[in-house]
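Undergrad: Please find the sequence and the predicted model below.
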Amino acid sequence: MSIKRVYTFGNKLAEGKADMKNLLGGKGANLAEMNLIGVPVPPGFTITTEVCTEYNKLGQEKAVKLIKEDVESAIKNTEEILGSKFGDKENPLLVSVRSGARVSMPGMMDTVLNLGLNDDAVEGIAKKSGNERFAWDSYRRFVQMYGDVVLGMKPESKEDIDPFEEIMDKVKEANNLEFDTDFTVDHLKELVTKFKAAVTKQTGKQFPDNPWDQLWGAVMAVFDSWNTDRAIYYRQMNKIPGEWGTAVNVQAMVYGNMGSNSGTGVAFTRDAGTGEDIFNGEYLIDAQGEDVVAGVRTPQEITLEGSKRWAKLQGVSEEERATKYPSLEEAMPKVYQELSTIEQKLEDHYNDMQDLEFTIQDGKLWLLQTRNGKRTGAAMVRMAIEMLDQGRIDEKEAVMRVEPNKLDELLHPVFDKDAMAEANVLTKGLPASPGAATGQLVFFADECEKYENSILARIETSPEDLEGMNIANGILTARGGMTSHAAVVARGMGKCCISGAGEIKIDYKARTLSINDETFEEGAWVSLNGSTGELYNGTIKTIDPELSGDFGRLMELADKYSRMYVRTNADTPHDSRVAREFGAKGIGLCRTEHMFFEGDKIVAMREMILAKDLKGREEALDRLLPIQQKDFEGIFEAMQDLPVTVRLLDPPLHEFVPHDEKGQQEMADVMGVDISVIKAKVESLHEFNPMLGHRGCRLGNTYPEITVMQTRAIIGAAIALKKRGINTHPEIMIPLTGTLAEMKMQEDIVRDTIKKVFAETGETIEHLVGTMIEIPRAALTADEIAKSAEFFSFGTNDLTQMTFGYSRDDTGVFMPVYLKKGILKNDPFEVLDQEGVGQLVKMAVEKGRQTRPNIKLGICGEHGGEPSSVEFCHRTGLDYVSCSPFRVPIARLAAAQATIREM
Ligand code: PEP
Ligand code: MG
């Protein structure tokens with residue numbers, strides 16, 4: 001059987017249907033389906049996406065040959081349905097030619113409208129419509145659009161003038177006209193002639209008057225538009241494969257601008273903003289599709305209820321509303337009734353909220369498009385739960401209906417939509433931690449309190465900035481990637497953060513931030529969108545999130561279906577509580593180094609590091625022990641009975657010591673030594689690549705007393721709570737293990753210490769000792785390491801760093817370029833590189849289980865809260881994922897979806 005390449009639709013018949021999106025594109029498949037369920041759709045046909053691929057391979061001539069006969073008979077079919085004829089002087093058929101890929105690529109590809117017009121057809125249209133001006137205006141628009149899209153007359157750069165616009169301006173000037181609407185029929189005729197002359201001048205060819213020539217040119221232009229730079233860029237951004245190709249939809253034109261009995265609009269079967277189950281939308285009388293969205297005229301509401309709501313919000317009186325801005329329900333009650341029946345029919349049929357486009361031509365309603373409507377996070381949740389309650393979908397489908405990342409919108413403040421319309425983007429960095437924030441610039445963490453609303457801007461942050469970060473509304477850094485300190489800490493706090501905004505220059509001395517030629521002083525107002533990475537000038541209103549009961553129900557359903565469970569990365573009782581409220585079933589990573597930066601702890605910590613010998617270190621550690629134990633008690637208490645993985649000290653020591661004169665003098669005073677001693681020690685701690693330096697278990701193995709102190713603090717805290725009747729499940733985790741010997745040495749210290757504490761107190765605590773797998777060598781030798789480790793937690797931040805050889809903190813310089821050029825599809829610090837890093841994880845899972853079949857397996861790198869990475873963890877057989885508190889709901893939903901996808 002030969003391949004079918006052209007699918008007709010019209011008059012309640014169609015050769016395609018909704019599930020043929022891959023072949024017919026989303027638009028084509030739904031146009032066919034609407035016909036099949038009896039919705040009025042202008043007739044036409046779809047040329048398949050496969051023809052686009054053939055066209056790209058074989059070239060125009062061969063591709064046309066393949067579809068010529070079919071297209072001719074499809075046009076005939078359309079003509080027969082309408083009783084019109086291509087290029088006819090009496091009753092001409094005019095068509096639109098539009099792209100339509102599998103998934104919508106809004107505005108990326110080309111469209112030609114009014115095709116079929118020539119000097120004969122224009123007369124036919126004038127007669128048929130009884131409106132000569134309308135006919136000539138359509139003709140003028142067609143020549144212009146065809147010239148731009150098909151004949152390549154569109155200027156290449158923004159600076160160049162569109163030749164058609166130039167001609168229009170001249171005619172306006174010569175005739176003293178202001179607007180396009182001032183053109184008379186004679187002006188429009190003059191424009192058509194001049195436009196065609198301009199085409200001949202620029203292209204050396206006559207403008208095609210034969211509708212068939214016009215049609216073939218337009219079809220090929222739509223195919224070509226699949227491969228324009230902007231379409232390619234959009235595909236890369238949205239991970240749409242180039243092989244998919246676009247379909248071409250050729251469809252009879254209908255006009256909403258044929259007078260007061262015509263109109264056009266868009267509608268939604270439910271509220272896309274709130275999810276409320278009410279039909280809503282906007283329309284305009286005597287207008288074309290673009291007019292509704294162009295913002296020149298005020299669109300009117302479709303329903304009376306919506307119209308009244310709108311008037312109230314706008315402060316428009318009922319009288320003014322009813323006369324100037326009536327709803328479609330009032331203005332065209334019959335059409336409204338039909339539309340309202342159709343919207344219900346479409347939602348019932350697709351079982352999802354539909355986004356519709358319609359046109360009313362001389363009192364007759366036509367549907368031009370239907371598709372599953374885009375919606376906010378809140379609307380997505382509400383619709384899923386309400387559709388479940390309405391019996392439209394089952395529980396699994398309800399879980400699948402919500403995009404995990406969209407939950408972010410529900411958990412963080414967002415910018416007010418109206419306020420955003422006026423926002424002015426200054427630059428873009430990495431979307432390090434979602435949410436929206438507005439505040440005044442400060443450049444030093446200890447000055448965040450200066451303003452009620454502050455934005456902390458730093459070249460990069462360090463753990464010392466923690467307190468300030470907590471106070472600031474948002475954080476902005478010039479350097480650092482998605483797992484930089486600022487990014488990780490901000491996510492933990494649920495605070496909006498942009499990292500790696502490479503265009504900003506911060507001058508700490510002058511207290512200024514500049515972007516290209518613009519300079520902002522301390523105190524200047526800026527706004528951050530941590531979900532997109534955009535930095536804005538000035539203030540933008542934000543809206544606080546509010547969690548609904550629907551959200552809770554969705555989360556319950558998620559837990560019901562998921563195999564993995566979700567823990568959190570938290571190192572304060574506050575964050576632990578927040579995470580519990582979001583449904584965390586334990587802590588997967590408590591980074592103990594973050595605890596040392598608060599209050600007085602830093603002084604004792606610095607004493608420990610700056611001590612000249614073991615004795616000095618031990619004395620300082622003794623002072624740290626009770627403080628650290630208190631910290632653990634707080635966290636254990638917050639998590640009650642749930643497992644808590646505490647990681648022993650990880651970062652390089654130089655991060656803790658003061659680098660400024662003032663701080664060094666303070667330490668010299670505390671320790672009773674000369675500042676030169678402190679300076680020398682700080683100098684000696686300097687490392688060229690601290691990320692690969694004296695950190696992790698290398699610290700514990702060179703200074704075992706640190707491991708001893710931390711173990712004592714952990715077990716001591718657990719015993720203290722036991723005495724208060726609170727159960728705990730501490731899991732002690734060794735960081736940055738690369739060899740079994742490294743791990744074993746730490747394990748021995750930990751177990752020895754625990755034994756001693758048990759003996760001293762006469763108590764015991766159930767516990768585990770395990771390790772992070774974050775060095776490639778550890779993954780490669782996981783069977784060995786599992787001899788010592790009772791659990792593995794994949795530290796995919798470091799594992800990514802070391803597998804790619806990218807320093808975590810320096811990716812801001814090249815990552816944006818890599819992403820733009822498509823060298824990397826995603827930032828691997830954000831989305832787990834399943835192909836490379838994932839292999840190491842898989843291998844370690846298999847090898848770990850070989851040695852220890854019931855080894856506990858989790859992930860605590862930032863990927864633990866990223867949906868596609870969570871799905872990978874599920875498939876790889878991990879027991880849990882651990883992520884920052886505000887990502888816990890996202891991970892719960894992603895884990896459930898991963899399970900359901902396998903069912
Ligand atoms: C990791 O490396 O993935 C990890 C969780 O540890 P950190 O980010 O603290 O290095
Ligand atoms: Mg790590």
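TA: Sure thing, it's come through. Numbering: from 1, shown residues only. Ligands and ions are numbered 1, 2, ... in the order given.

Undergrad: tell me the contacts of I540?
TA: I540 makes contacts with F415, D416, A419, M420, A423, A436, T438, S527, as judged by Cβ atoms under 8 Å, 6 or more residues apart in numbering. Any C-beta I mention is one placed from the backbone N, CA and C, and that applies to glycine too.

Undergrad: ok, which pair from these is furthest apart?
TA: M420 and T438 (11.8 Å; Cβ to Cβ).

Undergrad: more neighbours, the two?
TA: Comparing M420 with T438 by other Cβ atoms under 10 Å, the one with more neighbours is T438, at 22 against 15.

Undergrad: what is the rounded mean pLDDT of stretch 721-730?
TA: Here stretch 721-730 scores 97 as its mean pLDDT.

Undergrad: Tell me which residues of that stretch come out buried.
TA: By neighbour count, and taking 16 or more other Cβ atoms under 10 Å as the criterion, the buried residues in stretch 721-730 are L721, K722, T728, H729, P730.

Undergrad: What is the nearest of these to L191?
TA: Taking Cβ to Cβ as the measure, L191 lies nearest H729 of the buried residues of stretch 721-730, at 79.2 Å.

Undergrad: Could you list everything that closest one pairs with in the sheet?
TA: Under the criterion DSSP bridges, H729 forms beta bridges with P643.

Undergrad: how close does it get to ligand 1?
TA: Counting by Cβ to the nearest ligand atom, to the nearest Å, the gap from H729 to ligand 1 is 20 Å.

Undergrad: Could you measure from that residue over to T796?
TA: H729 sits 24 Å away from T796 when distances are taken as Cβ to Cβ, to the nearest Å.

Undergrad: same deal with V143?
TA: 57 Å.

Undergrad: neighbour-wise, which of these two wins?
TA: Under the criterion of other Cβ under 10 Å, the comparison of V143 against T796 puts T796 first, with 30 against 25.

Undergrad: ok so, going back, want to throw the buried residues of stretch 721-730 into TSV with distance to ligand 2?
TA: As requested, the buried residues of stretch 721-730 are arranged in TSV below (distance: Cβ to the ion, whole Å):
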residue	distance to ligand 2
L721	28
K722	30
T728	24
H729	22
P730	20
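
Undergrad: Pick the one among those closest to M220.
TA: Closest to M220, out of all of these and judged by Cβ to Cβ, is H729, at 66.6 Å.

Undergrad: Identify the residues contacting that closest one.
TA: Contacts of H729 were listed using Cβ under 8 Å, 6+ apart, and they are G586, D641, L642, P643, V644, E766, H767.

Undergrad: okay, those residues in a markdown table with distance to A32 next?
TA: Formatted as a markdown table, the contacts of H729 follow (distance: Cβ to Cβ, whole Å):
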| residue | distance to A32 |
| --- | --- |
| G586 | 51 |
| D641 | 57 |
| L642 | 53 |
| P643 | 54 |
| V644 | 56 |
| E766 | 63 |
| H767 | 63 |
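
Undergrad: Now, of those residues, which are buried?
TA: Members of those classed as buried by 16+ other Cβ under 10 Å are G586, L642, P643, V644, H767.

Undergrad: if we can go back for a sec, make a markdown table from the contacts of H729 and add distance to ligand 2 and pLDDT to it.
TA: Shown next, in a markdown table, are the contacts of H729 (distance: Cβ to the ion, whole Å; pLDDT from 0 to 100):
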| residue | distance to ligand 2 | pLDDT |
| --- | --- | --- |
| G586 | 19 | 98 |
| D641 | 27 | 94 |
| L642 | 23 | 97 |
| P643 | 20 | 98 |
| V644 | 18 | 98 |
| E766 | 26 | 97 |
| H767 | 22 | 98 |
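
Undergrad: Can you name the residue of the stretch 201-350 of the chain nearest ligand 1?
TA: For the stretch 201-350 of the chain and ligand 1, the shortest gap (Cβ to the nearest ligand atom) falls at K239, measuring 24.2 Å.
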